[in-house]
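K.L.:
no sequence for this one, just the structure:
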Ligand SMILES: Cc1cc2nc3c(=O)[nH]c(=O)nc-3n(C[C@H](O)[C@H](O)[C@H](O)COP(=O)(O)OP(=O)(O)OC[C@H]3O[C@@H](n4cnc5c(N)ncnc54)[C@H](O)[C@@H]3O)c2cc1C
């Protein structure tokens, strides 16, 4: 099939090459698209994406629904994508946490934390489409065309030179760059070419996802309910729907997927309880195996890892993409301030400096600045998985006391809410 989005070019040097045009990769390109170099010209950016990138982005993204933090929504607004997304994004006004069959409950309210919403829930396809629309608009502006897609294509080989990286694609094209950004997901090819090791923990769990409608309106409340079969997240979605993420053992997830709709609705009502009344409708069910994959290094010679290529985490707290957005934001900020200081130097000295944005000093700042956030989110997510997927009596008692204490202890609540909000 002919891909209208691809502009083939004879010019093979790009200031930045991004491997992977999923959410992180497209957002990365969007964040850099308007930056200019000391000579006033725009950064040239190549995106290599394994899937065909079509005008209808629904073909490249799956049926996942994501909870975007307040901070992520703010950043998407800053880069010009939120305007295409806001009407479909359902605000979360309250988060309600409970443990099935136990007394512990906790509530987090947007008003208490002086924000209009704790986050937003929206289909992954729509996020992808909004990013591509914003990128196309920026690219079309003043006929710049500084962002070019190579898709469907993958990296076949990488030569790491002192001053640049030479990238050979499966299609036979060759690109060179000062900076390679690995946004190519959990199985990152960039990570493998650089021989960066990963720490991997299989949770022995799967996420069963689907959208449902319920007898009672969701009233913009996100429910996180811990049950004997595993945690259930029921997130408020547009058109009166809720997005379900149900963490189950692989065997149980398969059984639940195979049930007919009536039997599935019944099982869900039993586990989730009557918070929203009966489940009236259920959509297509999909299963995702869950693991924690953590790259041991964030950077390599003229390369950095971003998003899932750096960290793939359990969706229990809905933090995976939000964490990746902060990677993108940090990298874009570092590149922008590097270019700004070069422009300043050019004005002061009259000398044109080389725009080398792949310097080790910039990359090591990135690795340093992202470390704490990565560790905190991974620890928070991992602890929630251990604590709430466990039926050992001391842990059950502990988490119920924890939920009660949490509900009344403001500093603890504020600390967690700050992370949830994406700050
Ligand atoms: C069930 C579930 C629910 C989730 N819920 C949430 C949530 O509520 N909130 C949240 O913030 N996060 C959530 N996440 C996590 C979120 O989906 C991911 O963090 C996010 O999609 C990662 O985006 P990415 O672009 O970094 O990686 P990916 O989505 O994996 O994209 C990588 C891209 O690179 C391309 N690619 C791969 N290999 C190559 C190659 N060799 N060459 C070129 N291209 C390549 C792929 O085709 C793809 O387009 C959830 C995840 C799951 C599984």
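P.N.:
That came in fine, so what should we check first? Just so we're clear, the structure is a prediction, and the values are computed from it rather than from any experiment. Residues are numbered from 1 along each chain as shown.

K.L.:
so residue 25 makes contact with residue 184?
P.N.:
Yes. The pair residue 25 / residue 184 is scored as a contact, 7.4 Å apart, by C-beta atoms under 8 Å. C-beta: built from backbone N, CA, C; applies to glycine.

K.L.:
Find the residues that touch each one of these two.
P.N.:
residue 19 (C-beta atoms under 8 Å, 6 or more residues apart in numbering).

K.L.:
tell me the average confidence for stretch 36-48?
P.N.:
Mean pLDDT, stretch 36-48: 91.

K.L.:
Quick one: end-to-end length of it, please.
P.N.:
Using C-alpha to C-alpha, to the nearest Å, the end-to-end distance of stretch 36-48 comes to 22 Å.

K.L.:
if you go through the stretch 301-423 of the chain in chain order, where are the strands?
P.N.:
Taking DSSP state E, counting those that start in this stretch to define them, one finds strands in the stretch 301-423 of the chain at 303-305, 311-312.

K.L.:
Let me have those strands in TSV, extended by distance to the ligand.
P.N.:
Listed next are the strands of the stretch 301-423 of the chain as TSV, based on distance: least, C-beta to the nearest ligand atom, whole Å:
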stretch	distance to the ligand
strand 303-305	10
strand 311-312	7
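
K.L.:
Pick the most deeply packed of those strands.
P.N.:
strand 303-305 (a mean of 27; mean count of other C-beta atoms under 10 Å).

K.L.:
you'd agree residue 153 is up against residue 48?
P.N.:
Yes. Using C-beta under 8 Å, residue 153 is in contact with residue 48, at 5.4 Å.

K.L.:
Kindly tell me how buried residue 286 is, as a neighbour count.
P.N.:
15 (other C-beta atoms under 10 Å).

K.L.:
how much space between residue 70 and residue 77?
P.N.:
11 Å (C-beta to C-beta, to the nearest Å).

K.L.:
out of those two, which sits in the busier spot?
P.N.:
Neighbour count, other C-beta under 10 Å: between residue 70 and residue 77, residue 70 has more, with 23 against 13.

K.L.:
Before we move on, what's the pLDDT of that one?
P.N.:
pLDDT, residue 70: 90.

K.L.:
low-scoring pLDDT stretches of this protein, where are they?
P.N.:
Filtered on pLDDT under 70, the chain yields the residue ranges 1-11, 54-61, 100-104, 141-144, 352-355, 388-423.

K.L.:
At the contact with the ligand, which residues of it appear?
P.N.:
19-25, 48-51, 64, 66-67, 154-155, 183-186, 189, 207, 209, 245, 288, 307-308, 315, 318-322, 324 (C-beta under 6 Å from any ligand atom).

K.L.:
Could you list which of those belong to helices?
P.N.:
Judged by DSSP state H, helices contain the following of those: 23, 24, 25, 189, 320, 321, 322, 324.
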